[in-house]
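Asker: sequence? don't have it. structure:
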């Protein structure tokens, strides 16, 4: 099973600040995903990324969010100006290609105060 | 109608019981289907993919009924370690996944 690591494990930030969440896949999988899970709620798809561009995104993934893979290994999710409602667990996932099984990282817990 | 709808649960069963979860999806064009399990405050872990022909992995059997747009998961001989939330996942189009709310299973000694 492919490994995915995420940093940091927990991030506390103040409302209005920018945060960058990082994902490092330890494999050659080509598809990357970000999900979020607000405490007690379902896992929600944010965005998928393939070949250095966004493949699909949800309504949640608005202009305050961006993704990139700056150095060919790290995959980042940036939230430009955090809101209280951005507090959630953010999971990165990878798959060999679209519509294949996805393997999740352990998540980053984001707390916005 | 929700895109992916699961049995609300929770399910509380004794060890050794057989338990079945159902999941319905609204987009008839969906092509890929999966079951994941999620332990409290942990990441989802793939349990199995679901194929049209049905598939089995040990005590776990998944079925897909495209005509009725539902997926099922059967767990036989439940173990304490099966206690978790089971997530139904559907891909309405490639690269985009929709998760159900999850069904919580507690297996008791």
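Answerer: Yep, that arrived. Values in this document were obtained by computation on a predicted structure and should not be read as measured data.
Asker: contacts, neighbours, all on C-alpha from now
Answerer: Fine.
Asker: residues contacting the most centrally placed residue in chain A?
Answerer: By C-alpha atoms, centre = their mean, chain A has its centre lying nearest to residue A:34, at 3.3 Å. For residue A:34, the contact set (C-alpha atoms under 8 Å, 6 or more residues apart in numbering or on different chains) comprises A:45, A:46, A:47, A:48, A:77, A:90, A:91, A:92, A:93.
Asker: write down the beta-bridge partners of it, one by one.
Answerer: Beta-bridge pairing of residue A:34 under DSSP bridges involves residue A:47, residue A:92.
Asker: model confidence for the nearest residue to residue A:68 once chain neighbours are set aside, exactly?
Answerer: Closest residue in space to residue A:68, ignoring its immediate chain neighbours: residue A:76 at 5.5 Å, by C-alpha to C-alpha, 6 or more residues apart in numbering or on different chains. For residue A:76, the model assigns a pLDDT of 95.
Asker: ok, the closest residue to residue B:22 other than its chain neighbours to residue A:23 distance?
Answerer: Closest residue to residue B:22 apart from its sequence neighbours, by C-alpha to C-alpha, 6+ apart: residue B:72 at 4.5 Å. The span separating residue B:72 from residue A:23 equals 32 Å under the rule C-alpha to C-alpha, to the nearest Å.
Asker: the two - which one has more neighbours?
Answerer: Set side by side, residue B:72 and residue A:23 show more neighbours around residue A:23, with 27 against 19, by other C-alpha atoms under 10 Å in any protein chain shown.
Asker: my read: residue A:9 touches residue A:105, true?
Answerer: No: Residue A:9 is beyond contact range of residue A:105, at 10.3 Å (criterion: C-alpha atoms under 8 Å).
Asker: neighbour count for these two, which is higher?
Answerer: The residue with more neighbours, out of residue A:9 and residue A:105, is residue A:105; 25 against 15, by other C-alpha under 10 Å.
Asker: mind listing what the nearest residue to the more buried one once chain neighbours are set aside touches?
Answerer: Counting by C-alpha to C-alpha, 6+ apart, residue A:105 lies nearest to residue A:4, which is 4.7 Å off, once chain neighbours are set aside. Contact analysis of residue A:4 by C-alpha under 8 Å, 6+ apart lists A:23, A:24, A:25, A:26, A:92, A:93, A:94, A:103, A:104, A:105, A:106.
Asker: what does chain A put close to chain B?
Answerer: Contact residues (C-alpha under 8 Å from any C-alpha of the partner chain) of chain A with chain B: A:41-45, A:47-48, A:55-57, A:91, A:98-107.
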